[in-house]
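J.: Sequence first, then the predicted structure:
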Amino acid sequence: MSTPAEGAIRAEIALGGPIPFARFMALALGHPAGGYYTGPLARPTRDGDFLTAPELHPIFGAALARQLEEVWERLGRPDPFTLVEYGAGAGTLALTVLAGLREDRSPLAEALVYAPIELNPHRLTELEKRTASAGLRVVAPPTAAAPVAGPAPVAGPAPVAGTAPVVGAVVANEFLDALPVHAVETRDGQPWEVHVGVTAAGAFEELLLPPSTPAISARLDALAATGVTLAEGQRAELCLALDDWIAEVAATLAAGIVLVIDYGAPALVLYGPRRRAGTLMTYRGHVADGSPGAPYRDIGERDITAHVDTTTLRRLLDAAGLEVLGDTTQAELLAGCGMEDLLERERSRSTDAAAALLLRSAVMRLLDPRHLGGFRAVLAGRGVASTPPLRGLAYRVAPAR
């Protein structure tokens with residue numbers, strides 16, 4: 001039985017012919033009548049399709065709270081200090097940050113306000129109830145929300161036109177990997193773009209057609225300047241939506257930091273010989289599937305992701321006037337933010353064996369480089385002193401690439 005997202009995709013193809021994979025991905029994830037991220041089901045849960053770090057354990061938010069407090073201190077303790085979160089979901093990250101600040105008796109807890117940006121109206125309803133219960137002030141995002149994927153994004157609360165940029169932090173935790181990507185392949189030394197069509201029998205098929213936008217060649221030229229050249233027959237994903245997202249973030253932030261945490265790699269690794277098939281992956285029921293046909297099954301009910309190109313991310317942040325402060329791993333970021341101390345505090349007050357086991361398992365996954373610990377963490381700032389390094393970068397500050 002066709003889902004609303006699949007029906008919309010088929011109708012668009014029937015009307016105008018094959019569509020770029022980026023358009024397919026945008027509709028599959030963000031179609032307002034039934035995209036993966038717009039439906040009523042809670043996706044990042046133990047009973048859903050995957051778990052992000054905030055849902056894994058509150059200790060993640062408590063660690064990030066300490067990084068935000070340091071930024072707040074360097075900015076002179078502004079009030080309000082706004083946490084803008086892309087892909088806010090039900091507000092779990094912000095609520096655990098607030099709880100961590102209160103646990104540390106940080107005065108930032110009183111200055112913190114929350115500007116969630118979320119595509120899903122069902123999650124926003126839950127978010128409003130949870131933040132009200134916790135006493136967390138929620139404000140409108142300073143600019144219109146960038147679409148996670150597809151048409152008619154929903155930001156909550158509704159953006160207020162002309163609202164001034166904020167002082168605070170913009171956080172995107174496992175957000176950029178869900179932005180639509182253009183899939184390309186190199187044939188005879190030239191880029192061809194993957195389009196999605198429908199066969200006479202009604203099955204989805206991939207077609208290699210000329211690029212749908214000159215921005216593809218421009219991105220490949222920019223990558224070539226860093227030493228990246230796609231091999232013959234190699235497939236790669238280009239997230240052209242990243243440009244608009246960073247432009248929006250730059251317009252959002254008057255002073256403070258941008259923190260991106262996601263699975264990704266520098267361009268030389270991401271587009272290197274070990275990634276000749278690209279990085280597209282789907283998730284359903286906590287099962288990852290990177291097979292070629294996976295994106296075309298269970299459309300609207302299966303997550304579709306691609307690794308983040310941190311070289312391009314850093315270049316675009318710099319071009320937008322945001323100073324790249326460092327590039328590390330999630331494990332190193334959390335270690336710098338006092339994970340060891342937080343772990344001991346949690347252990348000392350744990351009287352329940354199940355809770356202790358959950359804590360141990362969560363921390364192992366958060367720090368394990370084969371799991372969430374290997375995620376990249378890129379920090380950029382505006383008006384924030386870069387020396388000494390922020391505590392989250394104390395384990396490593398990588399030179400710009």
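T.: That came in fine, so what should we check first?
J.: Which stretches in the stretch 1-150 of the chain count as strands?
T.: Taking DSSP state E, counting those that start in this stretch as the criterion, the stretch 1-150 of the chain contains strands spanning 19-20, 81-86, 112-117, 137-138.
J.: Could you do the stretch 251-400 of the chain as well?
T.: With strands called from DSSP E, counting those that start in this stretch, the stretch 251-400 of the chain shows them at 253-262, 264-265, 281-284, 287-289, 303-305, 308-309, 323-329, 376-382.
J.: Compute the number of surrounding residues for the nearest residue to Asp188 once chain neighbours are set aside.
T.: In space, and not counting its chain neighbours, Asp188 is closest to Glu232: 7.7 Å by Cβ to Cβ, 6 or more residues apart in numbering. (Glycine included, C-beta is placed from N, CA and C.) Glu232 has 10 neighbours, counted by other Cβ atoms under 10 Å.
J.: Deepest-packed of the strands of the stretch 251-400 of the chain, please.
T.: Of the strands of the stretch 251-400 of the chain, the one with the most neighbours on average (mean count of other Cβ atoms under 10 Å) is strand 308-309, at a mean of 29.
J.: who does that strand touch, helix- and strand-wise?
T.: When contacts are defined as 3 or more Cβ pairs under 8 Å, 6 or more residues apart in numbering; DSSP states H and E, strand 308-309 packs onto strand 264-265.
J.: Just the mean pLDDT for the strand it packs on, thanks.
T.: The pLDDT scores in strand 264-265 average 96.
J.: dump the residue contacts of Leu342.
T.: Ile59, Ala62, Ala63, Gly100 (Cβ atoms under 8 Å, 6 or more residues apart in numbering).
J.: The third one: neighbouring residues, count only.
T.: For Ala63, the count of nearby residues is 27 (other Cβ under 10 Å).
J.: Just give the closest residue to it, not the sequence neighbours.
T.: Nearest residue to Ala63 in three dimensions, chain neighbours excluded: Cys337, at 4.1 Å (Cβ to Cβ, 6+ apart).
J.: Could you verify my assumption that that neighbour touches Leu393?
T.: No: if you go by Cβ atoms under 8 Å, Cys337 and Leu393 don't touch, sitting 9.9 Å apart.
J.: And the helices in the protein?
T.: For the chain, the helices defined by DSSP state H occupy 4-16, 21-30, 53-56, 59-74, 92-103, 108-111, 121-134, 215-224, 241-252, 267-270, 310-319, 330-336, 339-349, 353-367.
J.: residues near the nearest residue to Thr213 once chain neighbours are set aside, how many?
T.: Take Thr213 and drop its neighbours on the chain: the residue closest to it by Cβ to Cβ, 6+ apart is Leu240, 7.2 Å away. As a burial measure, Leu240 scores 17 neighbours (other Cβ under 10 Å).
J.: could the strands of the stretch 251-400 of the chain go into a markdown table alongside distance to Ala225?
T.: Output for the strands of the stretch 251-400 of the chain, formatted as a markdown table (distance: least, Cβ to Cβ, whole Å):
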| stretch | distance to Ala225 |
| --- | --- |
| strand 253-262 | 22 |
| strand 264-265 | 18 |
| strand 281-284 | 28 |
| strand 287-289 | 33 |
| strand 303-305 | 26 |
| strand 308-309 | 13 |
| strand 323-329 | 17 |
| strand 376-382 | 19 |
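J.: closest to Leu367 out of those?
T.: strand 323-329 (9.3 Å; Cβ to Cβ).
J.: Residues contacting that closest one, please?
T.: Outside strand 323-329, the residues that touch it by Cβ under 8 Å, 6+ apart are 257, 310, 314, 317-318, 336, 369, 373-382, 384, 386, 389-390, 392-393, 395-398, 400-401.
J.: Identify the residue nearest the residue nearest the centre of the chain in space, chain neighbours excluded?
T.: For the chain, the residue nearest the mean C-alpha position is Phe175 (1.6 Å; Cα atoms, centre = their mean). Of all residues not flanking Phe175 in the chain, Gly87 sits nearest, at 4.0 Å (Cβ to Cβ, 6+ apart).
J.: re the thing from before, narrow the contacts of Leu342 to those that are buried.
T.: Buried subset of these (neighbour count, 16 or more other Cβ atoms under 10 Å): Ile59, Ala62, Ala63, Gly100.
J.: Now for those residues: which two are most distant?
T.: Greatest spatial distance among these (Cβ to Cβ): Ile59 and Gly100, at 8.3 Å.
J.: roughly how far apart are the residue nearest to Asp188 and Leu280?
T.: Glu232 sits 20 Å away from Leu280, going by Cβ to Cβ, to the nearest Å.
J.: now Arg130
T.: Arg130 sits 33 Å away from Leu280, going by Cβ to Cβ.
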